[in-house]
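A.B. asks: here is a sequence with its predicted model. Questions after.
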There are 2 protein chains.
Amino acid sequence: MTGNFFPEGLERNEVPDVVVARLPQYVRTLSQLLAEGVQVANSQQLGEKLQITPAQIRKDLSYFGRFGKQGRGYRVQHLLDELKQILGLTIRWNVAVVGVGRLGRAILNYPGFNPDGFQLVAALDDNPAVVGEQVGGLTVLPVSSLAEVVNRHQVSIAIVAVPIAHTQGVIDRVVECGIRAILNYAPIAPQVPPGVNIRNIDPVLSLQSMTYYLANGAGEGAGF
Amino acid sequence: MTGNFFPEGLERNEVPDVVVARLPQYVRTLSQLLAEGVQVANSQQLGEKLQITPAQIRKDLSYFGRFGKQGRGYRVQHLLDELKQILGLTIRWNVAVVGVGRLGRAILNYPGFNPDGFQLVAALDDNPAVVGEQVGGLTVLPVSSLAEVVNRHQVSIAIVAVPIAHTQGVIDRVVECGIRAILNYAPIAPQVPPGVNIRNIDPVLSLQSMTYYLANGAGEGAGF
């Protein structure tokens, strides 16, 4: 019951995207442990918190070097610092939000980005009724000023929260402006060129993966 | 460069959660292909759309039986129907939204749930200033009426969009009311008992998995 997990053609020193996607959860869990005064944790303890097997944790971390000694556990602060470094979380990232509808407003007023190093520096919308409005401490600018905004504020990341019909067009413009990381809230999977990363926040997909367990009467299903 | 993908102790006929989590994306892609008039698709074509290797697609689908003939591709309509059945998407699911703040309002007004079989049937909040208000066509009810609401509307799924400090408490109550599928919008990983599924919508985790690529100059990173 083992399987070839890694996509074909993966280079030896490339880290699978699914492993990278788990690292932020490690960071969050390690931060919580540290806040609770835990200084050393083994893969069993981490696994319980993360709902990942200890074997998977050891394997994930092995991509980045040796963090723990056999039988000794991981030093929480050290592992946390290293993972933050690996993930680029010691850097401040400037973010532009494109689309200031209901969802865009919730995003712009969400207090959870800044503590994690993501600074929302610009809000843009194409609706003339919204441009000029103050939302989340920012003055909404027209989408036509995107290139200038990206340049001026050294924006690295765009959060796109526009209706489906406009999503691909807006994402194309975002990419043209040199943005290489996009968080998309529309329930479609937009196309981006190689070298650009996109993550889709899609509640329907999340719901649909839970109905499997409801419909099939099984109780499992990990927490992320 | 192969790895033991499956968690230890997995039963032979259990499907890994990561596979279940991919199936809704298959459903969406197959629906799009059908809308484009495509009647047969091979794993190569599906893989391009999904950014998953053809080998992984064949492996994922093999958990559920044989859908395609070697070299013949998959019949799109047939595979779509089967996957919808497997995922429980032929059933209508009633959903309660707990928390009617900015995010809750965006969720309640989001038009994307109903077409996919998720019916938002109740909105609940503990803020007396919000209870009684009409949001997204629903009258906001107090959280104290949750058990009654779940019963009356046969609610199977809860979407929880409350501040971090209240999240675990609200989720405990949701679980007590018999809900076994929860979509959580707070940026924490709440604890739920075995038999309950929870998915966390967490934009910060998504952003943090992209900064890896920004910080390390690599261009890869899948679309979900």
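C.D. replies: Looks like it arrived, so ask away.
A.B. asks: what is the least confident helix or strand in chain A?
C.D. replies: strand A:68-69 (a mean of 68; mean pLDDT, DSSP states H and E).
A.B. asks: which other helices and strands does the helix or strand just after it contact?
C.D. replies: Later in the chain than strand A:68-69, the nearest helix or strand by DSSP states H and E is strand A:73-75. Here strand A:73-75 touches strand A:40-41, helix A:43-50, going by 3 or more C-beta pairs under 8 Å, 6 or more residues apart in numbering or on different chains; DSSP states H and E. C-betas here are computed from N, CA, C, even on glycine.
A.B. asks: in its sheet, what does the longest strand along chain A sit against?
C.D. replies: Scanning chain A for the strand with the most residues, using DSSP state E, yields strand A:118-125. Its sheet considered, strand A:118-125 pairs with strand A:93-98 (parallel), strand A:138-142 (parallel) by DSSP bridges.
A.B. asks: right, so these: which one is the most enclosed?
C.D. replies: Most buried of the strands paired with strand A:118-125 by mean neighbour count (mean count of other C-beta atoms under 10 Å in any protein chain shown) is strand A:93-98; its value is a mean of 24.
A.B. asks: for it, the distance to its chain's centre please.
C.D. replies: In terms of C-alpha atoms, centre = their mean, to the nearest Å, the centre of strand A:93-98 is found 13 Å from the chain centre.
A.B. asks: gap between the residue sitting furthest away from the middle of chain A and residue A:57?
C.D. replies: Going by C-alpha atoms, centre = their mean, the residue of chain A most distant from its centre is residue A:71, 31.9 Å out. Distance, residue A:71 to residue A:57, by C-beta to C-beta, to the nearest Å: 15 Å.
A.B. asks: domain parsing for chain A?
C.D. replies: Here the domain parsing of chain A from automatic domain parsing is A:17-87, A:93-204.
A.B. asks: would a markdown table of those domains with distance to residue B:190 be doable?
C.D. replies: Formatted as a markdown table, the domains of chain A follow (distance: least, C-beta to C-beta, whole Å):
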| stretch | distance to residue B:190 |
| --- | --- |
| domain A:17-87 | 12 |
| domain A:93-204 | 15 |
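A.B. asks: so for residue B:32, which of those domains sits nearest?
C.D. replies: domain A:93-204 (8.7 Å; C-beta to C-beta).
A.B. asks: quick one: end-to-end length of the closest one, please.
C.D. replies: Start to finish, the residues bounding domain A:93-204 are 28 Å apart (C-alpha to C-alpha, to the nearest Å).
A.B. asks: with stretch A:197-206 instead?
C.D. replies: 20 Å.
A.B. asks: show residues contacting it.
C.D. replies: A:171, A:180-190, A:192, B:24-25, B:28, B:107, B:110, B:112-113, B:116, B:118, B:159, B:183, B:199, B:201, B:203, B:206-207, B:209-210, B:213-214, B:219-221, B:223-224 (C-beta atoms under 8 Å, 6 or more residues apart in numbering or on different chains).
A.B. asks: quick one: mean pLDDT over that stretch.
C.D. replies: Stretch A:197-206 carries an average pLDDT of 91.
A.B. asks: related to what we said a few turns ago, how near is the residue farthest from the centre of chain A to chain B?
C.D. replies: According to C-beta to the nearest C-beta, to the nearest Å, residue A:71 and chain B sit 18 Å apart.
A.B. asks: kindly report which one of the domains of chain A carries the lowest mean pLDDT.
C.D. replies: Taking the mean pLDDT of the domains of chain A, domain A:17-87 comes last: a mean of 88.
A.B. asks: quick one: which of the contacts of stretch A:197-206 sit in strands?
C.D. replies: A:181-184, B:118, B:159, B:183, B:199.
A.B. asks: got a markdown table for those residues, with neighbour count and distance to residue B:135 too?
C.D. replies: Below are the ones in strands among the contacts of stretch A:197-206 laid out as a markdown table (neighbours: other C-beta atoms under 10 Å in any protein chain shown; distance: C-beta to C-beta, whole Å):
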| residue | neighbour count | distance to residue B:135 |
| --- | --- | --- |
| A:181 | 26 | 33 |
| A:182 | 23 | 29 |
| A:183 | 23 | 25 |
| A:184 | 27 | 25 |
| B:118 | 23 | 17 |
| B:159 | 27 | 13 |
| B:183 | 23 | 17 |
| B:199 | 20 | 23 |
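A.B. asks: ok, which pair from those is furthest apart?
C.D. replies: A:181 and B:118, at 29.2 Å, using C-beta to C-beta across those.
A.B. asks: list the buried ones in the longest strand of chain A?
C.D. replies: By neighbour count with 16 or more other C-beta atoms under 10 Å in any protein chain shown, strand A:118-125 contains the buried residues A:118, A:120-125.
A.B. asks: if I pick residue A:76, what's in contact with it?
C.D. replies: Counting by C-beta under 8 Å, 6+ apart, residue A:76 has contacts A:30, A:33-34, A:38-41.
A.B. asks: sorry, back to before: and the strands paired with strand A:118-125 as TSV, adding distance to residue A:153?
C.D. replies: Converted to TSV, the strands paired with strand A:118-125 look like this (distance: least, C-beta to C-beta, whole Å):
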stretch	distance to residue A:153
strand A:93-98	5
strand A:138-142	11
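A.B. asks: any buried residues in stretch A:77-95, and which?
C.D. replies: A:79-80, A:82-84, A:86-89, A:93-95.
A.B. asks: farthest-apart pair in those, please.
C.D. replies: A:79 and A:94 (27.5 Å).
A.B. asks: which other residues reach stretch A:143-159?
C.D. replies: For stretch A:143-159, the external contacting residues (C-beta under 8 Å, 6+ apart) are A:93-98, A:107, A:118, A:120-122, A:124-126, A:141, A:170, A:173-174, A:176-183, A:185, B:203, B:207, B:210-211, B:214.
A.B. asks: change it to 6 Å
C.D. replies: Residues from elsewhere that reach stretch A:143-159 (C-beta atoms under 6 Å, 6 or more residues apart in numbering or on different chains): A:93-98, A:107, A:121-122, A:124, A:126, A:174, A:177, A:179, A:181-183, B:214.
A.B. asks: what comes up buried for it?
C.D. replies: Quick answer for stretch A:143-159 (16+ other C-beta under 10 Å): A:143, A:146, A:149-150, A:155-159.
A.B. asks: neighbours of residue A:128, just the number please.
C.D. replies: 8 (other C-beta atoms under 10 Å in any protein chain shown).
A.B. asks: and residue A:97, what is it in contact with?
C.D. replies: A:104, A:107-108, A:120, A:123, A:159.
A.B. asks: same check on residue A:106?
C.D. replies: Counting by C-beta under 6 Å, 6+ apart, residue A:106 touches B:102-103, B:106.
A.B. asks: hang on, the earlier thing: closest to chain B among the buried residues of strand A:118-125?
C.D. replies: Closest to chain B out of the buried residues of strand A:118-125 is residue A:118 (5.6 Å), distances taken as C-beta to the nearest C-beta.
A.B. asks: so what's the closest one bridging to?
C.D. replies: Beta-bridge pairing of residue A:118, defined through DSSP bridges, involves residue A:93.
A.B. asks: ok, now which ones touch it?
C.D. replies: Going by C-beta under 6 Å, 6+ apart, residue A:118 touches A:93, A:95, B:207.
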